[in-house]
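In: Fold the following for me, if possible:
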Amino acid sequence: MSAPQRLVIATRASRLALWQAEFVRGRLQTLYPACSVELLTLTTRGDQILDRTLSKVGGKGLFVKELENALLDDRADLAVHSLKDVPVDLQAPFELCAVLERADPRDAFVSNDYATLAELPAGSVVGTSSLRRESQLRARYPHLRVQPLRGNLDTRLAKLDRGEYAAIILAAAGLDRLALGHRIRSLLEPADSLPAAGQGALGIEIRGDRADLRGWLAPLVHADTAACSLAERAVSRALGGSCQVPLAAYARVQGDQLVLHALVASPDGNRIVRAEGQGPVAQAEEIGEAAARQLLADGADAILASLTQDDASS
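Out: Okay, here's the model as predicted:
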């Protein structure tokens, strides 16, 4: 296959999204020095709606629609996403063709006055945009007040610095990528705050009819991260995972084995169902599907049903 001559990357306009697109551009230019790699910067609905939580306005798909439109009309060849923002039920003609090596998957505790969650006094306001984080926070620290936090990374940090929150919880990878790791006071281990499916990894989306792109992007694929994310996203897909569901899934490769932890929780944190799975890396998707079945058998079905009823009544 001949090398590409020109590639256009569709990206959101936020500083973090641009960093991610520039990172992929750098990788592609190293692979294909004669190729012109350009960025097409777009503003998505998810970036525009900041006064409501994602679970109330349509979920993470709001971050990809405009980028997908650019793929459809040939303004762009590929789109770069935070993998955790990519819907698990991508519809034709789109496909996730490459998952890059994962950065730190953990959640980060950020505060100007406290070093850990355990130090926060009763009634302290903690900001997060994620029902997954919120449910686990409420379960471990019921004396804290969890409030919605929207906006890009700089906006969220500015709200903390204005004193609107005693602390906020963010993805460690995003802070590290923007050289803001010094804002992290402590990292939340997966046992305390299980990450979202795909957290810390970058995913590249293309149109399914672009076999040429699939070949050109293949060297960017990180096999272990791809296997882990396949298992994690299988859990989410089997449970209808979206921003409306407090769901977490995190896998690691140990030798030739993949170890998966997953949970479903009620938003108030009063009910948390957990499952674990392990097996050969080559069976990543099956391990995720089995963990989802275990979650449902152990009570996740009742939690999901109650969330559906809440959505219908709101």
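In: which residues of the protein fall in strands?
Out: Counting by DSSP state E, the chain has these strands, from start to end: 6-12, 36-42, 78-82, 94-99, 107-110, 125-128, 145-148, 167-171, 184-188, 202-207, 247-254, 257-265, 272-280.
In: how about those in TSV, adding mean pLDDT and distance to residue 291?
Out: Where C-beta positions appear, they are placed from N, C-alpha and C, glycine not excepted. Putting the strands of the chain into TSV (pLDDT from 0 to 100; distance: least, C-beta to C-beta, whole Å) gives the following:
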stretch	mean pLDDT	distance to residue 291
strand 6-12	97	31
strand 36-42	97	35
strand 78-82	97	23
strand 94-99	97	19
strand 107-110	98	20
strand 125-128	97	24
strand 145-148	96	26
strand 167-171	97	22
strand 184-188	98	21
strand 202-207	98	21
strand 247-254	97	7
strand 257-265	98	5
strand 272-280	98	4
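In: quick one: low-confidence parts of the chain?
Out: 44-62, 241-243, 310-314 (pLDDT under 70).
In: rewinding a little: and the strands of the chain as a markdown table, adding distance to residue 308?
Out: Formatted as a markdown table, those follow (distance: least, C-beta to C-beta, whole Å):
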| stretch | distance to residue 308 |
| --- | --- |
| strand 6-12 | 30 |
| strand 36-42 | 32 |
| strand 78-82 | 27 |
| strand 94-99 | 26 |
| strand 107-110 | 27 |
| strand 125-128 | 23 |
| strand 145-148 | 21 |
| strand 167-171 | 26 |
| strand 184-188 | 29 |
| strand 202-207 | 28 |
| strand 247-254 | 14 |
| strand 257-265 | 13 |
| strand 272-280 | 16 |
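In: List just the one of the ones you listed that sits closest to residue 71.
Out: Nearest to residue 71 among these is strand 202-207; the distance by C-beta to C-beta comes to 5.3 Å.
In: What I need now is the strands of the chain written out in CSV, including mean neighbour count and distance to residue 213 for each item.
Out: What follows is those, written out as CSV (neighbours: other C-beta atoms under 10 Å; distance: least, C-beta to C-beta, whole Å):
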stretch, mean neighbour count, distance to residue 213
strand 6-12, 21, 8
strand 36-42, 15, 12
strand 78-82, 26, 6
strand 94-99, 21, 7
strand 107-110, 25, 33
strand 125-128, 21, 35
strand 145-148, 17, 37
strand 167-171, 24, 27
strand 184-188, 17, 36
strand 202-207, 23, 5
strand 247-254, 23, 26
strand 257-265, 23, 27
strand 272-280, 17, 29
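In: Which of those strands sits closest to residue 306?
Out: That would be strand 257-265 among these, by C-beta to C-beta, at 11.1 Å.
In: Okay, now the sheet partners of the closest one, with direction.
Out: Strand 257-265 has the following strand partners under DSSP bridges: strand 247-254 (antiparallel), strand 272-280 (antiparallel).
In: can you list the domains in the protein?
Out: Following the TED database, one gets these domains for the chain: 1-101+200-221, 107-188, 222-313.
In: wait, which of those is closest to residue 194?
Out: Short answer: domain 222-313, nearest of these by C-beta to C-beta, at 3.7 Å.
In: picking that back up, distance to residue 194 added to the domains of the chain, as CSV?
Out: What follows is those, written out as CSV (distance: least, C-beta to C-beta, whole Å):
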stretch, distance to residue 194
domain 1-101+200-221, 13
domain 107-188, 7
domain 222-313, 4
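In: wait, residue 287 sits on residue 276?
Out: No: judged on C-beta atoms under 8 Å, residue 287 makes no contact with residue 276 at a distance of 9.7 Å.
In: what residues do these two have in common as contacts?
Out: Residues touching both residue 287 and residue 276 by C-beta atoms under 8 Å, 6 or more residues apart in numbering: residue 260.
In: got the contact list for residue 117?
Out: With contact set as C-beta under 8 Å, 6+ apart, residue 117 has these partners: 109, 126, 137, 140-141, 144, 167, 186, 188.
In: Out of those residues, the closest to residue 303 would be?
Out: Taking C-beta to C-beta as the measure, residue 137 is the one of these closest to residue 303, at 16.8 Å.
In: Leaving out sequence neighbours, find the closest residue to that closest one.
Out: Closest residue to residue 137 apart from its sequence neighbours, by C-beta to C-beta, 6 or more residues apart in numbering: residue 146 at 5.4 Å.
In: And that neighbour, how close does it get to residue 297?
Out: To residue 297, residue 146 is 29 Å away according to C-beta to C-beta, to the nearest Å.
In: can you pull the contacts of the most centrally placed residue in the chain?
Out: Centroid check for the chain by C-alpha atoms, centre = their mean gives residue 84 as the closest residue, at 1.9 Å. Shown in contact with residue 84 (C-beta under 8 Å, 6+ apart): 60, 171, 196-199, 201.
In: rerun that using 7 Å as the cut-off
Out: When contacts are counted by C-beta atoms under 7 Å, 6 or more residues apart in numbering, residue 84 is found next to 196-199.
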